[in-house]
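In: Output the structure for:
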Amino acid sequence: MKNLNAAVCSALLASGLFCSMAFGQAYPNKPIRVTTVSQGGALDTVLRLVSQGITGPLGQQVIVDNKPSSIYPEDSIAKGAPDGYSLGYFANAIWLAPFLRANVPYDPLKDFAPISLTVKGPNVIAITSSLRVNTLAELVALAKSKPGELNMGVTGVGTSPTNAADLFLAVTGAKMTVVRYKGTAQAFLDVIAGRVEVTTPTILSVLPHAKAGKIKLLAVTSEQPSALVPDLPTVASAGYPGFESVAIQALLAPPRTPNAIVNRLNQEVTKFLLEPEIKAKIASMGFDVVASAPTQLSTTMKSEMDKMGPVFRAAGIKPGDAAD
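Out: Next comes the predicted model:
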């Protein structure tokens, strides 16, 4: 009988069904572990909120497991058991990794089962307050009239601010000198002092400086305006339709995870994220709730790779340039 059950389970798994459901053991029947990167960051903060929110409906504890990004924690998900008990919560850096990091051990489009996009966090185009421009169009015109004279301060390689800067320069044709910093604090000091004219930080990180009049905000990099800066135009509306550069967070499972499990997880995660009080709380963190279907996450992953690959190459960024 044991061998017969195993054979039936194998057939059910191959057809996208969950075998334990067929034998009366509803999923989940034990705690679920979700791997993400370092504790205290944006991914960890949102994941802990979501994990607490879905623990009750699922009837099992959802445990957050923090791992250093240097060890490719996403690879443990790519090679994990497709049973719904080991999941991964990561940013778009994992599907952009082949353009940025050397020897990436997984294929982003083949080695994960997408569950849901959860949230998106936009950046802003910000300038030193002493620069005499007030709109994005004026900034682009100034950069084109003085190629390479304006400095664009970014943090690292492959980060959300850097991706926004690289895409902005590629789409607008503005010629600026990119200055790379190890941290945002020094970048802000140089922008405030006028040593660097332009930067592309996250909204929350720059808002205190903007409110103090030390830095001017010209546009937000999301397709839609941000609730945190509702009067700030988008880059798309300022003359570059379709422009979007955002930090994306997503829940993924190992490949070949049965559709029944994927759909159950998607249902609980999206239901929780769409609660009005949760959307408001996440907005206060600088993110917008997406709560997508699995297919939308698949499409987003591929379209971002198609969009950013040429941008990275044009910027001279190659695998191995991003720090682990």
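
In: Okay, now the unreliable bits of the stretch 201-324 of the chain?
Out: 323-324 (pLDDT under 70).

In: A102 touches Y72, doesn't it?
Out: No - judged on Cβ atoms under 8 Å, A102 makes no contact with Y72 at a distance of 11.2 Å. Where C-beta positions appear, they are placed from N, C-alpha and C, glycine not excepted.

In: Specify which residue of those two has the higher count of neighbours.
Out: Neighbour count, other Cβ atoms under 10 Å: between A102 and Y72, Y72 has more, with 19 against 12.

In: The more buried one against N103, yeah?
Out: No - in this structure Y72 lies outside contact range of N103 using Cβ under 8 Å: 9.2 Å.

In: mind listing what's buried in stretch 34-48?
Out: Neighbour counts over stretch 34-48 (16 or more other Cβ atoms under 10 Å) mark 34-37, 42-44, 46-48 as buried.

In: Just the ones in strands from those, please.
Out: 34-36 (DSSP state E).

In: Could you save the residues you listed as JSON lines and add columns showing distance to D83 and pLDDT?
Out: Formatted as JSON lines, these follow (distance: Cβ to Cβ, whole Å; pLDDT from 0 to 100):
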{"residue": "V34", "distance to D83": "14", "pLDDT": "98"}
{"residue": "T35", "distance to D83": "15", "pLDDT": "96"}
{"residue": "T36", "distance to D83": "19", "pLDDT": "96"}
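
In: Dump those residues to JSON lines, plus distance to M176.
Out: Below are these laid out as JSON lines (distance: Cβ to Cβ, whole Å):
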{"residue": "V34", "distance to M176": "39"}
{"residue": "T35", "distance to M176": "37"}
{"residue": "T36", "distance to M176": "34"}
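
In: and the closest residue to Y85 other than its chain neighbours, what are its bridge partners?
Out: Distances taken as Cβ to Cβ, 6 or more residues apart in numbering put I32 closest to Y85, at 5.4 Å, once the chain neighbours are dropped. Note on I32: beta-bridge partners V62, judged by DSSP bridges.

In: low pLDDT regions in the stretch 1-150 of the chain?
Out: Where the stretch 1-150 of the chain drops to pLDDT under 70, the residues are 1-25.
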